[in-house]
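Enquirer: Sequence and predicted structure below; questions after.
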Amino acid sequence: MTLSFLIYKIILVVVVFAVTLVVAMYSTYAERKVAAFLQDRIGPNRAGPFGILQPLADGIKMFMKEEVIPGASNKALFIIGPSLVLLTACMTGVVIPWGSPLIIDGTVYPLQITDVNIGILYLFGVISLGVYGIMIGGWASNNKYSLLGAIRASSQMISYEVAMGLSIIALVMTTGTLSLSQIAEQQHGWHWNVLVQPLGFFIFIICAFAETNRAPFDLPECETELVGGYHTEYSSMKLGFFLFAEYINMFISSAVIATFYFGGYNMPFIERFVQDPNWLAILGVVFLFMKIVFFIFVFMWVRWTLPRFRYDQLMNLGWKILIPLSLLNIVITGAVMMREEIFQLLFK
Amino acid sequence: MQLTNRSKVVVKKEMTLAERLYIPAIFSGMIITFKHLFRKKVTIQYPEQTREVSKIWRGQHVLKRDEIGAERCTACGLCAVACPAEAITMIAAERKPGEEHLYREEKYAATYEINMLRCIFCGDCEEACPKEAIFLTDRKVESLYTRAELVYGKDILVEAIEKDKRVDVTVRETPEVAEFKAHKEFGHNTVFENKKN
Ligand code: SF4
Ligand code: SF4
């Protein structure tokens, strides 16, 4: 490992971190704009042209708000909760391949912070850590609504993680790898995984909605019954962390969906026009971000269309529909992959 | 017993498989919201744009002066009685000799306050006034920071003495209105009283 390599990695980490934060910041703005447009309104338009300074104004507002730590709460845990949520949200970005490698002077610079060969497992591990933040925050608030919200969040996340994991197993069966960079590479041209795994993609995106706690699965923060759920007692930037983490998660989920099922940084027929690998890499980043923006829009679009599920419906959908469906998906995938052997077994 | 023919018999039917999957319903809902993305926006950007209002829109009140600039109000208190929101209070005083150019009648309102937070802009005060002294105008009551500021006194309500700064209420002070006011039986409160008895 050379010094230049180390510096390159550090730069990459900082860039990815900054981009994640900026995208999450502007997702809050986009969310309000999309919501407004879907409801025939205009949305924020006073801070700067078209209101593009709105996220900054929101951030300043959040920082200026009075910090309230409830007297009966556990102070240390109360602070750890939101920090953990934000930390885990930011940690997921490291395994995502943002583009094909850059080659400068014969040295290869991969546009991925670290290519763990079990990237998918890492991703899942970190995502499931996120629920601890919510759980700790809800528990430390010493408030029944927060606790109920936290319990809902954890049971929901655990239930949907099962279906999500199972839908990924089918994907891993067809791709034969757990490394995200290889998955992205295999989907060169038109070989997008969504064409191979449409059902798997469908289950995955539903579970992604549930994992990010967004409508129609936003039961943990259900305003109508739980006065805000696990963040009822939070104020100022600690509340901001919780809300911000949701947007980071949304960004990462969109990136993961794009990488798993929609070809990552690949775009069909692009090689006909551009041959230089470095330009291809840069264009790949652009394509990936286009896909991410599209999926973030889908997240918002769904949120402002669908009402919230009831808790029993949520559990029904998770355990009785999605898990059997994903098991079926695995069986079908396996049968299709082994079709030759099965034919031989049956007809010989 | 059937009271109206609008009642509907509700049956709780089992949902079909397609309905239980929610998917078709979700997609049709998403298409509907997507269409709304391109609809005309209904927002009125307030300080720059204002909603069009009727010519006789009922806004902030004015206490009129007569031709020579004397206040028309005689502090009879009929507006305060008519006011359903109890927004009007006044203290009457007697006109001194030499004040004829200030007050038209022998008795006048030394203070006259309308609490704009209570007022519902119904216009009953205008209707009750026998002296054509109070009118609602198409001016908007501004938003202020304290409650006290919104109790408007004579300094705000009485129009300026200069002829060119007078508030124009000709749209509200028409012969038809005078005719209407002459018939006390049409008055809002009269109708209300008659209904009660
Ligand atoms: S407009 Fe109606 S509510 Fe307002 S002061 Fe006159 S009578 Fe009272
Ligand atoms: S405004 Fe009219 S009704 Fe009210 S006290 Fe004056 S004269 Fe009487």
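Expert: Received the coordinates, thanks. Ligands and ions are numbered 1, 2, ... in the order given.
Enquirer: Up against chain A, what does chain B have?
Expert: Within reach of chain A by Cβ under 8 Å from any Cβ of the partner chain, chain B has these residues: B:21, B:26, B:29-30, B:32-34, B:36-37, B:39-43, B:45. Placement of C-beta: from N, CA and C, glycine included.
Enquirer: how about 6 Å then?
Expert: When proximity is defined as Cβ under 6 Å from any Cβ of the partner chain, chain B approaches chain A at B:G29, B:M30, B:T33, B:H36, B:L37, B:R39, B:K41, B:V42, B:T43.
Enquirer: Among these, which lie within strands?
Expert: Residues of the residues of chain B next to chain A located in strands (DSSP state E): none.
Enquirer: Now stretch B:60-69: buried residues?
Expert: In terms of neighbour count (16 or more other Cβ atoms under 10 Å in any protein chain shown), stretch B:60-69 has its buried residues at B:Q60, B:H61, B:V62, B:L63, B:K64, B:R65.
Enquirer: I meant to write stretch A:147-158 there.
Expert: By neighbour count on 16+ other Cβ under 10 Å, the buried set for stretch A:147-158 is A:L147, A:L148, A:G149, A:A150, A:I151, A:R152, A:A153, A:S154, A:S155, A:Q156, A:M157.
Enquirer: how about stretch B:69-82 as PDB, C-alpha atoms only?
Expert: Coordinates of each C-alpha in stretch B:69-82 appear next as PDB, following Å, rounded to 0.1, in the frame of the first residue of the first chain:
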ATOM      1  CA  GLY B  69     -65.100  66.900   8.100                       C
ATOM      2  CA  ALA B  70     -67.000  66.300  11.300                       C
ATOM      3  CA  GLU B  71     -67.300  62.800  12.600                       C
ATOM      4  CA  ARG B  72     -70.700  61.300  11.800                       C
ATOM      5  CA  CYS B  73     -70.700  58.800  14.800                       C
ATOM      6  CA  THR B  74     -73.000  59.800  17.600                       C
ATOM      7  CA  ALA B  75     -72.000  57.000  20.000                       C
ATOM      8  CA  CYS B  76     -75.500  55.500  20.000                       C
ATOM      9  CA  GLY B  77     -74.000  52.100  20.600                       C
ATOM     10  CA  LEU B  78     -76.300  50.400  18.100                       C
ATOM     11  CA  CYS B  79     -73.300  48.900  16.300                       C
ATOM     12  CA  ALA B  80     -72.000  47.400  19.500                       C
ATOM     13  CA  VAL B  81     -75.400  45.900  20.200                       C
ATOM     14  CA  ALA B  82     -75.700  44.500  16.800                       C
END
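Enquirer: Could you check how far A:I42 is from B:Y46?
Expert: 12 Å (Cβ to Cβ, to the nearest Å).
Enquirer: for the buried residues of stretch A:147-158, which one is nearest B:C129?
Expert: A:G149 (57.8 Å; Cβ to Cβ).
Enquirer: ok, then the element right after the strand or helix carrying the closest one?
Expert: Secondary-structure assignment from DSSP states H and E places A:G149 in helix A:144-175. Where DSSP H and E defines the elements, the next helix or strand beyond helix A:144-175 is helix A:180-186.
Enquirer: follow-up on the earlier one: how about TSV for the buried residues of stretch A:147-158, with pLDDT added?
Expert: Listed next are the buried residues of stretch A:147-158 as TSV, based on pLDDT from 0 to 100:
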residue	pLDDT
A:L147	85
A:L148	84
A:G149	82
A:A150	84
A:I151	85
A:R152	83
A:A153	82
A:S154	83
A:S155	85
A:Q156	85
A:M157	83
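Enquirer: give me the subset of these touching ligand 2.
Expert: Restricting these to those touching ligand 2 (Cβ under 6 Å from any ligand atom) yields no residues.
Enquirer: Would you format those residues as JSON lines with distance to ligand 1 included?
Expert: Output for the buried residues of stretch A:147-158, formatted as JSON lines (distance: Cβ to the nearest ligand atom, whole Å):
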{"residue": "A:L147", "distance to ligand 1": "48"}
{"residue": "A:L148", "distance to ligand 1": "46"}
{"residue": "A:G149", "distance to ligand 1": "45"}
{"residue": "A:A150", "distance to ligand 1": "50"}
{"residue": "A:I151", "distance to ligand 1": "51"}
{"residue": "A:R152", "distance to ligand 1": "48"}
{"residue": "A:A153", "distance to ligand 1": "50"}
{"residue": "A:S154", "distance to ligand 1": "55"}
{"residue": "A:S155", "distance to ligand 1": "54"}
{"residue": "A:Q156", "distance to ligand 1": "52"}
{"residue": "A:M157", "distance to ligand 1": "55"}
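Enquirer: If any of the residues of chain B next to chain A are buried, give me the PyMOL selection for them.
Expert: With 16+ other Cβ under 10 Å as the criterion, this PyMOL line picks the buried residues out of the residues of chain B next to chain A:
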select buried, chain B and resi 30+33
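Enquirer: So which bits of chain B are right by ligand 1?
Expert: Close to ligand 1, as judged by Cβ under 6 Å from any ligand atom, chain B has residues B:82-85, B:87-88, B:114, B:119-125.
Enquirer: Where does pLDDT dip in chain B?
Expert: B:1, B:186-197 (pLDDT under 70).
Enquirer: So which residue is smack in the middle of it?
Expert: The residue lying closest to the centre of chain B (Cα atoms, centre = their mean) is B:F121, at 1.9 Å.
Enquirer: Give me the phi and psi for that one.
Expert: Here is the backbone geometry of B:F121 (degrees, to the nearest 10): phi 50, psi 50.
Enquirer: for B:Y108, same thing?
Expert: When read as degrees, to the nearest 10, the backbone of B:Y108 gives phi -140, psi 170.
Enquirer: Tell me, how many residues neighbour it?
Expert: Applying other Cβ atoms under 10 Å in any protein chain shown, we find 21 residues neighbouring B:Y108.
Enquirer: how about the residues of chain B near ligand 2?
Expert: Residues of chain B lying near ligand 2 (Cβ under 6 Å from any ligand atom): B:73-79, B:90, B:128-129, B:131, B:133-134.
Enquirer: Can I get the buried part of these as one PyMOL selection?
Expert: Selection of buried members from the residues of chain B next to ligand 2 for PyMOL, criterion 16+ other Cβ under 10 Å:
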select buried, chain B and resi 73+74+75+76+78+79+90+128+129+131+133+134
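Enquirer: Kindly indicate which of the residues of chain B next to ligand 2 lies nearest chain A.
Expert: Nearest to chain A among those is B:I134, at 37.7 Å by Cβ to the nearest Cβ.
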